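A.B. asks: The sequence and its predicted three-dimensional model are supplied below.
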Amino acid sequence: MKVSIQKATWYQEQLSPESVKAIELLSGVWREACSHFALATASKLANGKKGPMGIQQFLNDVIDERFLSSGWEGKNAKFRKNDTWVSISFRHQMSLGSDLYNALWLWKRGNIKQILLLAGTLDFLRVVTPLDATSLASFERFAAAMSQMTGAFEPPMIVGALEPDSRLDKNVAELVFGKRLKSN
């Protein structure tokens, strides 16, 4: 996935080596998750069942596998390596508050020197989960919450917008961008 970074006005440090690695680990995640989604859909349809609508489960599974196999600690798209904490959200918007609380707690109590909060843009989320996109924690919501911290909290926080960057195979692209989006 493509990551566009937005730093808080109060925090202008460079990305830590771990943050750079986290962003690198996301390269190709979209393509891999969509391939898994297509296989799961084909399997369900072949058995007379309805296929999945959302891709977020597949994204989360690929993200977890990549980070864990690269030596990060954590699960459920929340990882720590050395003094960097990364949260990658395709979760409900109600989790935004707990994600921010966890980030603040880890900064003050967990010796975290850099926080990287990543979430899909609203346009991307409309592709990830057409029925629930507006209910998910988006990059736009994280950026707004971060701007409200000015003067109250000034954690070493960076937010990033996630967008697809991988070219999909023709059949997978038709499934991902086709009828499931048009029927909503």
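C.D. replies: It's in. Numbers count the residues shown, from 1 in each chain.

A.B. asks: quick one: the strands in the chain?
C.D. replies: 2-7, 73-75, 78-81, 84-89, 114-120, 157-163 (DSSP state E).

A.B. asks: who wins for proximity to residue 41 among those strands?
C.D. replies: strand 114-120 (20.1 Å; C-beta to C-beta). Every residue, glycine included, has its C-beta placed from N, CA and C.

A.B. asks: Would you mind putting the strands of the chain into CSV with mean neighbour count, mean pLDDT and distance to residue 48 alongside?
C.D. replies: Shown next, in CSV, are those (neighbours: other C-beta atoms under 10 Å; pLDDT from 0 to 100; distance: least, C-beta to C-beta, whole Å):
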stretch, mean neighbour count, mean pLDDT, distance to residue 48
strand 2-7, 15, 94, 37
strand 73-75, 13, 94, 34
strand 78-81, 20, 96, 37
strand 84-89, 26, 96, 34
strand 114-120, 25, 96, 32
strand 157-163, 23, 96, 34
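
A.B. asks: Mind putting the ones you listed into a markdown table with distance to residue 171?
C.D. replies: Formatted as a markdown table, the strands of the chain follow (distance: least, C-beta to C-beta, whole Å):
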| stretch | distance to residue 171 |
| --- | --- |
| strand 2-7 | 23 |
| strand 73-75 | 32 |
| strand 78-81 | 32 |
| strand 84-89 | 27 |
| strand 114-120 | 23 |
| strand 157-163 | 22 |
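
A.B. asks: Can you say which of the ones you listed is nearest to residue 179?
C.D. replies: strand 114-120 (21.2 Å).

A.B. asks: Return the distance of that closest one from the chain's centre.
C.D. replies: 8 Å (C-alpha atoms, centre = their mean, to the nearest Å).

A.B. asks: Next, the angle from that strand to strand 84-89.
C.D. replies: 10 degrees (axes from the mean of the first three to the mean of the last three C-alpha atoms, to 10 degrees).

A.B. asks: Not counting strand 114-120 itself, show me its contacts.
C.D. replies: Here strand 114-120 makes contact (C-beta atoms under 8 Å, 6 or more residues apart in numbering) with 3, 13, 15-16, 18-19, 22, 26, 83-90, 99-100, 103, 106-107, 128, 136-139, 141-142, 146, 155-163.

A.B. asks: strands paired with that strand, and their directions?
C.D. replies: strand 84-89 (parallel), strand 157-163 (parallel) (DSSP bridges).

A.B. asks: Quick check, residue 137 in contact with residue 95.
C.D. replies: Yes. Using C-beta atoms under 8 Å as the test, residue 137 is close enough to residue 95 to be in contact (5.8 Å).
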